[in-house]
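[1] quick one, what's the 3D model for this:
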Amino acid sequence: MNNKLTEEQLDNIIKYYFDMRFKGYVLDTKMIDGVNMWFGFWKDDDNILGYPVSDNDTWYYSGPHFRDGKSLFSLESKQYQEAMRRYVNKNYPNLDVKKIY
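    As a prediction, this is how the structure comes out:
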């Protein structure tokens, strides 16, 4: 028996999880450690997903904020990161996220 989900099926299931994780966060640019400017999703000084302004090709997600997602959905890191990338690109069409680590 094949229990693999298609990307579309996974995206439909994981959407609700990501909706909860991104709730209340806004896109903004802020200084981190008084040295590096970062663009991403912020609530106060908490950044859950973003990139250093000097390198917008690679986004980084907050491990503590998203720590339970991989195990909750039994995903490998790459599958989880790709699902997050698709979610962000679909729900924030003005962004063009290419990679998430």
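[2] and the helices in the chain?
    With helices called from DSSP state H, the chain shows them at 7-22, 63-66, 69-72, 77-91.
[3] same list (those helices) but as a markdown table, adding mean pLDDT, distance to Lys98 and mean neighbour count.
    C-beta: built from backbone N, CA, C; applies to glycine. A markdown table is the format used below for the helices of the chain (pLDDT from 0 to 100; distance: least, CB to CB, whole Å; neighbours: other CB atoms under 10 Å):
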| stretch | mean pLDDT | distance to Lys98 | mean neighbour count |
| --- | --- | --- | --- |
| helix 7-22 | 95 | 17 | 14 |
| helix 63-66 | 91 | 18 | 12 |
| helix 69-72 | 92 | 20 | 13 |
| helix 77-91 | 96 | 8 | 17 |
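[4] need the contact list for the one residue sitting closest to the centre of the chain.
    Among the residues of the chain, Met84 comes closest to the average C-alpha position under CA atoms, centre = their mean, at 4.6 Å. Counting by CB atoms under 8 Å, 6 or more residues apart in numbering, Met84 makes contact with 18, 49, 61, 66, 100.
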